[in-house]
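A.B. asks: Sequence first, then the predicted structure:
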Amino acid sequence: MSAHGEAVAPRAEGIGRPTSSRRAKDIGFRLGLLACLGLAILLLGVLLVDVVTDGVDRLSWDFITSFASINADQAGIEAALTGTLWLMAVCAAFIIPVGVATAIYLEEYADNTKWYNRLIEVNIQNLAAVPSIVYGILGLAFLVRGPLSLGPVILAGGLTLGLLVLPVVIIAGREAIRAVPPSIREGSMALGATQWQTIWRQVLPAAVPGIATGVILSLSRAIGETAPLIVVGAATFVAFNPEGLDSNFTAMPIQIFDWISRPSNDVNDYRPLAAAGILLLMILLVAMNSVAIWLRNRYEQKW
Amino acid sequence: MTDERQEQGQEAPEQEARGLRRSLDVRHGDHPSPAVEGAEPRAKVAREAVFQLEDLMVSYNAKPAVRNVSFDIGVNEITALIGPSGCGKSTVIRCFNRMNDLIPSAKVEGRVLYHGQDLYGPQVDAVEVRKRIGMVFQKPNPFPKSIYDNIAFGPRVLGMKGDMDEIVERALGHAALWDEVKDRLKTNAFGMSGGQQQRLCIARCLAVEPDVILMDEPCSALDPISTGKIEDLMMGLKEEYSIVIVTHNMQQAARVSDKTAFFTVELGEDDHRTGRVVEFDDTEKIFTNPSDSRTEAYVTGKVG
């Protein structure tokens, strides 16, 4: 402390320079993380490039508007695309009311001190982790055959997919409802609104963006599901569009799976078809997720 | 009404003569403290009571949060509930519109009479109670809607007849907010300042034409200027409504209220805290000549 300038006060000594070994660790850790991220992106990139190079030539309006065919040059994905859209419609019509109602019950009415409400909660968490094939078997046993005996039709497929993603919708719905602060409910109730009026006119409108995001993300999980639909009995070679809930159907993942598993030769090469199908499915997925992100950013309420 | 006021004036002339905004400087102990032990409750003034509390006790999870609460709240008066944190003031005010019903673990014992009728009687509908007894909360809680829809929500759910535009204008005017917001009724209420939001909440409450307004620390999140506006508003609203206010701000209680209830916390066995009412009296008396030494210690700032 003799003179100002170079002399550093003892307490401030070494303040700007971490020791070289600590610095090395810090940099090493960062590089490690970057490497993991890089690997993930690289794998995804390779897959994408592979699919695009294989399939982009086949992805055309003709591909979208043609039915299945033995002749690979003429085959298209129309039946599978419409089948998937039908399945999603059925699935959404099932999961939105049931999922939202369940979420409302669990968040707004259920008394958490009661054992049966806690049991329901725990089981919903567990159901979200059940492998999809199990839902396929459930659908086969209860919807396709058994009590409902619907047969391998759109309704059975859509409901099976709905059961599969219902827990996710419920969980997302509960989170959205829980994000509405209690002060809003109190403010509404204090004006003499009933609990139902409060939920319907205050809580739900405020929770809709979150619920919608959850529903869309659930549907984008359902759209790629293959195993349960195979078990339920989706057809692989369909040359017509579904005409109603009781139509037989195929779906995009099923069609893609079928094309991949067919023996290809010089005359009939099904692999570009599969790649084009994957591309179309991915475009749908990206579109759905974009809508979900947009919804969240646009309408999410900041409290 | 007029007759009653006169009657009240005759019986308690000093009450009428008293200025509404009192100085706090007179509160220090020039006044001889009356015997604390066995202080008799003052003879009941012949005033109309909107609420009569009879040995009210509220428990959460079977543990009493506040007990032995007995006093009357008068019509067209501002009654302040003061006391340290955890003394049960907010718990008590939430009994008046049955907001405690929303907490499953809460249990209310004793009686709360509203114009003579037991609020917790078997045939009483909590929703009906809340129509008549409005509430303003600690933190402004506008709905995430337009200013207009915030006001219109109450009348709509209650199915009130009449022109909605008129109802909205009247309520906003009543809350001294109309001039500030009349050009942006359709904008989101979240864009208002905190003080405006709180006045919006008061307007929202007035729109359903209640009889009583409960205010649970309405100014604790506001700056002094907004607080002043709300206090002025309360003084005006007193003409038509009975007001109960919980406040941590003793100056505020002294400025606006006619009657004050002082609560305290008692530490029971197993360290459980229970609130209880120490003293209920004219605000002036509470702040200048309290009967209980604990009240005096609190209002003079020696404790709390």
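C.D. replies: Perfect, thanks for sending it. Residues are numbered from 1 along each chain as shown, chains lettered A, B, ... in the order given.
A.B. asks: Is there proximity between stretch A:92-108 and chain B?
C.D. replies: No. Using C-beta under 8 Å from any C-beta of the partner chain, stretch A:92-108 never reaches chain B; the gap is at least 10.8 Å. Using the backbone N, CA and C atoms, a C-beta is placed for each residue, glycine as well.
A.B. asks: what residues are up against the residue of the stretch 151-300 of chain B found nearest chain A?
C.D. replies: Residue nearest to chain A within the stretch 151-300 of chain B (C-beta to the nearest C-beta): B:Gly154, separated by 3.9 Å. For B:Gly154, the contacting residues are A:Leu191, A:Gly192, A:Ala193, B:Met160, B:Arg204, B:Cys205, B:Ala207, B:Val208, by C-beta atoms under 8 Å, 6 or more residues apart in numbering or on different chains.
A.B. asks: tell me the SS of it?
C.D. replies: helix (DSSP: H, G, I helix; E, B strand; the rest coil).
A.B. asks: Just the C-alphas of the helix or strand B:Asp165 falls within, formatted as CSV.
C.D. replies: If you go by DSSP states H and E, B:Asp165 is part of helix B:164-174. Output in CSV follows, covering the C-alpha atoms of helix B:164-174 (Å, rounded to 0.1, in the frame of the first residue of the first chain):
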residue,chain,number,x,y,z
MET,B,164,-74.4,-2.1,-19.0
ASP,B,165,-72.7,1.0,-20.3
GLU,B,166,-74.5,3.0,-17.7
ILE,B,167,-73.7,0.5,-14.9
VAL,B,168,-70.0,0.7,-15.9
GLU,B,169,-69.9,4.4,-16.1
ARG,B,170,-71.7,4.8,-12.8
ALA,B,171,-69.3,2.4,-11.0
LEU,B,172,-66.2,4.0,-12.5
GLY,B,173,-67.5,7.4,-11.6
HIS,B,174,-68.2,6.3,-8.1
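A.B. asks: That one vs chain A: in contact?
C.D. replies: No. Residues of helix B:164-174 are not located near chain A by C-beta under 8 Å from any C-beta, the shortest gap being 11.5 Å.
A.B. asks: buried stuff in the next helix-or-strand element following that helix?
C.D. replies: The helix or strand immediately downstream of helix B:164-174 is helix B:178-181, counting by DSSP H and E. Neighbour-count burial for helix B:178-181 flags B:Trp178, B:Val181 (criterion: 16 or more other C-beta atoms under 10 Å in any protein chain shown).
A.B. asks: Show me what helix B:178-181 is packed against.
C.D. replies: helix B:164-174, helix B:194-207 (3 or more C-beta pairs under 8 Å, 6 or more residues apart in numbering or on different chains; DSSP states H and E).
A.B. asks: could you give me the average pLDDT of the shortest one?
C.D. replies: Throughout helix B:164-174, pLDDT has a mean value of 94.
A.B. asks: which residues touch it?
C.D. replies: So helix B:164-174 is contacted by B:147-148, B:151-152, B:155-156, B:160, B:178, B:181-182, B:185, B:200, B:203-204, B:206-207, B:237 (C-beta under 8 Å, 6+ apart).
A.B. asks: Show me which residues of that helix are buried.
C.D. replies: Within helix B:164-174, judged by 16+ other C-beta under 10 Å, the buried ones are B:Ile167, B:Val168, B:Glu169, B:Arg170, B:Ala171, B:Leu172, B:His174.
A.B. asks: Same check on the longest one?
C.D. replies: Neighbour counts over helix B:194-207 (16+ other C-beta under 10 Å) mark B:195-207 as buried.
A.B. asks: How many residues are close by the nearest residue to A:Ala92 once chain neighbours are set aside?
C.D. replies: Excluding the flanking residues, the one nearest A:Ala92 by C-beta to C-beta, 6 or more residues apart in numbering or on different chains is A:Leu219, at 6.2 Å. Neighbour count for A:Leu219, taken as other C-beta atoms under 10 Å in any protein chain shown: 24.
A.B. asks: so how far is the one helix or strand A:Leu219 maps to from its chain's centroid?
C.D. replies: A:Leu219 belongs to helix A:204-222 when assigned by DSSP H and E. With C-alpha atoms, centre = their mean, to the nearest Å as the basis, helix A:204-222 stands 10 Å off its chain's centre.
A.B. asks: contacts for it?
C.D. replies: A:87-88, A:91-92, A:95-96, A:99-100, A:103-104, A:161-162, A:164-165, A:168-169, A:171-173, A:175-177, A:179-180, A:184, A:285, A:288-289, A:291-293, A:295-296, A:298-301, B:144.
A.B. asks: Out of the residues you listed, name the ones that lie in helices.
C.D. replies: Using DSSP state H, A:87-88, A:91-92, A:95-96, A:99-100, A:103-104, A:161-162, A:164-165, A:168-169, A:171-173, A:175-177, A:184, A:285, A:288-289, A:291-293, A:295-296, A:298-299 are the members of the contacts of helix A:204-222 that sit in helices.
A.B. asks: Nearest to chain A within chain B, name that residue for me.
C.D. replies: For chain B, C-beta to the nearest C-beta, closest residue to chain A: B:Lys131, 3.4 Å.
A.B. asks: Show the pLDDT at the closest residue to chain B within the stretch 51-200 of chain A.
C.D. replies: Closest approach between the stretch 51-200 of chain A and chain B, counting by C-beta to the nearest C-beta: A:Gly192, at 3.4 Å. Listed pLDDT for A:Gly192 reads 94.
A.B. asks: Mind checking what secondary structure it has?
C.D. replies: A:Gly192 ends up coil, using three-state DSSP.
A.B. asks: tally of neighbours for it?
C.D. replies: A:Gly192, neighbours per other C-beta under 10 Å, totals 23.
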